[in-house]
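Visitor: Fold the following.
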Amino acid sequence: MASCFHLKRDEIFPQVAKKFPQATDWLCPIRGLIMKDPVTAEDGFNYEREAIQEWFQRSTKSPQSQSEIGTELKPNKALQEVIQQFTDFAETMSKAGSSLSLTWPSHGMMPETERKVTLSLEDVSVVNSQPTQMCQALSRFFKEVDPVEDLLHNMLNGLKPPKIVVVGDENAGKSTILEMLAMIPVFPRRRSCSTLLAIHLRLRRHPGMSRATLRVLPADGQETGEAGEVVCMDMPQENGWLMVQEQMTRLRKELTKESGIVSEKIIVVEVRRSDVPCLDLVDLPGLTTSPPEKAAQINRIYEQQLEDDRRNGNHNMYLAIVPAAGDFVPTNHNAWKFIEEKGLQDRTFGVFSKCDQNSDADFLRAVTLDEPAEQDGSSPESLGAARLSNGWVVTMQKPPHEGYFKHHNYERLNWQLKQEEEWFSSPKVPDQQRHFPRLLAGQCAGIAQLVARLENGYCLNLKQNWKELAMAKTFEKEAIVEFDIKMLGVVEDLDRRQQLAEEEVQRRLGPNSDVTKGMYNRFVQDVLHKRVPDQVRQILADFAVGQKCSGHAFKKVLQKKKDQLTALLNDVLQRQKSMGDEVGHILSFESKVCKDGPCDFNISTASLRLYPSKGCKSKWNIQERLQEGPIIQLCHYKNYLQAIMQKYKEMVGTAEASLRNSGEKLIERFFDVDSLSPYLEVKSSFLCSSDGERDFTDRQVIISCKWQDFLHSFLRCCYEHLPDPVMLQDLSQGIAVGDETNEARARFDCLQKEYGLVKTAKEHLIRALEIEDADLTRMKYKFEVDQHAKSELQEAPSLCCEVSSGSDGSWEAITTPSATPEARDEAGVQQKDDADQEEHSSLVGAEVRISGLQSAVDLNGLEGKLLFFDKGRWQVSLHEKDSLYQASEVIKLIKPENLLLRGADGMWESITSKASQVSTSLAAPQQRISTENQLFEWDQLNEEHDAAESAEVQQESGADLNGSASPPLLGGSPSEELSNEIRQKKEELKAQGLSGKKCDQDPEVKSMVEKLQELRSRK
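Guide: The predicted structure is shown next:
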């Protein structure tokens, strides 16, 4: 196909076709390119030989009429010669003043007349053939984004480039407008087959290429790969609407009942040509109110589109088509009502179609340019003008009357372009002659101006809005995958792996490990210090008080007790051995992120914590810690754990043998009456009786023991041979870590691949959006700030306040009662708070100004509204602007003496608060919560809290020598002006990326603060 292209000829052909629409006979109806080897098929149409032969391999129907035809082809030498003459004339640029006359026979459905054009050098001169700067930028954008479109959607949480959604009433001319943009007919032209489902039109400017494809996809636009789910085919360009109509009819029969509207599928038409703009458009079915079932189905499609837009950050743009036929009023049309109801005016372009059917040029100019009517001076509002941020464009695409244009659409489209340009630039009616030049001067007339507006608006939307969303999602996904890789705990560097593994074993089993301490302490406490004494006392209870038994049976009694003590020893050994299971569990436990309390995140390994308590306020802090130092998950190195456990079992086995040997010897010694046991004594009952009570026939003995001494010896023996926690820290010495498990390696490789894909997506986005390094750094910094803010906001309810959305959409902070033992009596406090609230309820909603703060001086001069009085302070809703973010509502807790109230005369006066008579205790510093930014400025609020608690702080409102409050100076005082200068300087520094603390350390800020303090000291 590449041999068919002649750069100079193909570059100037669109302007030739616009002046001489009949020259489009030279284009192949299938490929849309000037033919090299034209042939005539049995349907009478001319085609490029290679294109029609490829077509016959997949279809027996005519590309132009979809009727059955044979495969016989006849060379069209006459047309081939005409095309060659035009090519030579365009390429060689003959002598000045020369011209070229060309004639060729008609074809297809045309009347059998000779076709003719006469070209001059002016016709083949290159004039404004280069695409606009915006078009080039969009071409670069889609060149980078299109190959990774599915990757962006799958990797970046459904990220999609913004689309231009076309809305309008039925028969408003939507399809005709889109045809003129694509310069090929892709929309059904029969009134009986209007648009039944969403049709996505992807236009891509591609020099040296001409191709159109059609796909049928699920409504979400994703190719699932399931059988029958996706239809994909090449389209013949001149009459591609026949294929669209065929698919639309098929879907209607398969998926709908009565309404005929299809919401489960979409049709995607992609056009790649050198003469189209670069845009993504979505044509929705025309809005209607009847029949009700059809209207409901159409509304469902519109709602689906809006929901998809919301999921992607509300970055889609809209093109509202309103027909200007007859006595139309723009605000009466469904398209405008939809745009107004959904609040889309700032993202919508407007088009008045069918302007040739409107005879009132003055009215058309007034509602387009938002100007008064000249005829009677009527305002645009009274005329029903609909105001859009991107304005309106008037168009006129009246089709020619000749019937053969139904199949010869190349010629029809160029006739319409030519006719529209002549209609606006050379009007015949005096009224139009008066007003159309003003439409042209305002760049509001014609398809060309619409294309320029759409491209400019789309580019601006990408740069100002979508870029931030796309990169934020990229940074977020990048951070998530990095976090998953770090938490997986697979370390590739062998030396680093060995080091981390030994450190982790030391952390889990070393003498400083709370888990190891707890395990051994539980054994000592529960077994040695509770169970053993209880069992020894119970076993030897009879001996402790002296047990009598017959002389011949006392050895049986001793043996029974001996067996019981031996069983106790075995029980101790068994319980000691079971600690091995706990050690194995500790080693194989997987470390996970945990939340130990409000704003207290950590990584837990059983009950161990990797970081100090309250060292991480959010999960994002965990992410930052992992960047500084990785972790290893021992559970992925099973051979390493098995070797450690084998070494532990050997150590425990040695200790068990020693304890068993010592314990058995101790028990033997206890019952060795022949060798004078130090614990046991067996005496004659006869000799132990008093003289008067002796029974000379008594043959019993009394067995007694020093059970406490035996218990001391038994415990000492256990202490001596029980493995000490210090011994566990050396278990990993000399053991190589080895490789991770196959499952862990597979998961690691999968995450690394995913991370590579995210990096690829990121690189494509950076190139597509032409992001400079400095801008990338700024967006990364903003993302990190937002992550901290979001994490802290999510934890705010658990920290020290509850956060709820007020009726005005702002966030309100409500202090929760203290839970400390020194907390106030809640009932009494509630009564006081209720009394304060009732006393100040009359001031709620009043306008106030902050004045007299000595800390956080940049707040002085800010204005806002009183929300409610709580615990001695007013909650004030302020409107503040941060340099990195848009203006947003923030809540501040301000003392009454630092507030000025706007009076009825507009003057500022002090608030006299009865609540000052009540002893109020300052609550913990509240968060400053931003509706949009959701930022917590802890340092600044703590400063305010400290300043409020300080009895020495003197407010500018101050007190005179008699103790009466003197009103502070009104706006314009030197101190307030200097406060405003400090605030403005800080905003400038923040815009440069400095943090709040660095702003305070700026020399110029310090100097101004010193001056402010000097002014106050003079007062």
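Visitor: Could you count how many residues lie near F20?
Guide: Neighbour count of F20, defined by other C-beta atoms under 10 Å: 19. No exception for glycine: its C-beta is placed from N, CA and C like everyone else's.
Visitor: Report the separation between the closest residue to it other than its chain neighbours and L413.
Guide: Excluding its sequence neighbours, the residue lying closest to F20 (C-beta to C-beta, 6 or more residues apart in numbering) is V117, at 4.4 Å. Relative to L413, V117 is positioned 17 Å away (C-beta to C-beta, to the nearest Å).
Visitor: who has more neighbours, those two?
Guide: For the pair V117 and L413, the greater number of neighbours falls to L413 (25 against 20), based on other C-beta under 10 Å.
Visitor: Now do the same for the more buried one: helix, strand or coil?
Guide: For L413, the secondary structure call by DSSP: H, G, I helix; E, B strand; the rest coil comes out as helix.
Visitor: How about the contacts made by the residue nearest to F20?
Guide: Contact criterion C-beta atoms under 8 Å, 6 or more residues apart in numbering gives F20, Q22, A23, S101, L102 as the residues in contact with V117.
Visitor: With V505 instead?
Guide: Residues near V505 by C-beta under 8 Å, 6+ apart: L587, L634, I644, Q729, L731, S732.
Visitor: Need phi/psi at the most centrally placed residue in the chain.
Guide: The residue lying closest to the centre of the chain (C-alpha atoms, centre = their mean) is K473, at 4.8 Å. Backbone geometry at K473, expressed as degrees, to the nearest 10, gives phi -70, psi -40.
Visitor: returning to that earlier point: ok but the residue nearest to F20 is inside a strand, no?
Guide: Yes: using three-state DSSP, the secondary structure at V117 is a strand.
Visitor: give me the beta-bridge partners of it?
Guide: For V117, the beta-bridge assignment (DSSP bridges) gives partners L102.
Visitor: any idea how far it is from N414?
Guide: Taken as C-beta to C-beta, the span from V117 to N414 is 12 Å.
Visitor: go on, F869?
Guide: When distance is defined by C-beta to C-beta, F869 is 73 Å away from N414.
Visitor: Also G173?
Guide: Separation of G173 from N414 (C-beta to C-beta): 18 Å.
Visitor: Between these two, which is the more surrounded one?
Guide: The neighbour count for G173 versus N414, taken as other C-beta under 10 Å, is higher for G173 (25 against 21).
Visitor: Residues contacting stretch 44-53 from elsewhere in the structure, which ones?
Guide: Counting by C-beta under 8 Å, 6+ apart, stretch 44-53 makes contact with 1, 4, 25, 28-31, 33, 35-41, 55, 62-64, 73, 75-76, 79, 107-109, 407, all of which sit outside it.
Visitor: can I get the CA coordinates of it in PDB?
Guide: Provided in PDB are the C-alpha atoms of stretch 44-53 (Å, rounded to 0.1, in the frame of the first residue of the first chain):
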ATOM      1  CA  GLY A  44     -20.300  -0.400 -11.600                       C
ATOM      2  CA  PHE A  45     -18.000   1.200  -9.000                       C
ATOM      3  CA  ASN A  46     -14.300   1.800  -9.300                       C
ATOM      4  CA  TYR A  47     -11.900   0.300  -6.700                       C
ATOM      5  CA  GLU A  48      -8.200  -0.100  -6.200                       C
ATOM      6  CA  ARG A  49      -7.500  -3.600  -7.500                       C
ATOM      7  CA  GLU A  50      -5.700  -4.800  -4.400                       C
ATOM      8  CA  ALA A  51      -8.400  -3.500  -2.100                       C
ATOM      9  CA  ILE A  52     -11.400  -5.100  -3.900                       C
ATOM     10  CA  GLN A  53      -9.500  -8.400  -4.200                       C
END
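Visitor: tell me the mean pLDDT over that stretch?
Guide: Along stretch 44-53, the predicted local confidence has a mean pLDDT of 96.
Visitor: where's C750, which helix or strand?
Guide: Following DSSP states H and E, the helix or strand that holds C750 is helix 742-768.
Visitor: residues in contact with L528?
Guide: Residues near L528 by C-beta under 8 Å, 6+ apart: V572, L715, C718, Y719.
Visitor: hmm, 10 Å instead?
Guide: V572, R575, Q576, F714, L715, C718, Y719, L722 (C-beta atoms under 10 Å, 6 or more residues apart in numbering).
Visitor: Can you tell me which of those is nearest I702?
Guide: Closest approach to I702 among those (C-beta to C-beta): F714, at 23.5 Å.
Visitor: how would you label the closest residue to that closest one other than its chain neighbours: helix, strand or coil?
Guide: Taking C-beta to C-beta, 6+ apart, and ignoring the residues beside it in sequence, F714 has L666 as its nearest neighbour in space, at 6.2 Å. Three-state assignment for L666 (three-state DSSP): helix.
Visitor: burial measure for L666, as a count.
Guide: L666 is surrounded by 17 other residues when neighbours are defined as other C-beta under 10 Å.
Visitor: ok, back up a step: drop the exposed ones from the contacts of L528 and show what's left.
Guide: With neighbours counted by 16 or more other C-beta atoms under 10 Å, the contacts of L528 contain buried members at V572, Q576, F714, L715, C718, L722.
Visitor: Find residues that contact each of V117 and N414.
Guide: Common contacts of V117 and N414 (C-beta under 10 Å, 6+ apart): V16, K19, F20, P21, Q22, A23.
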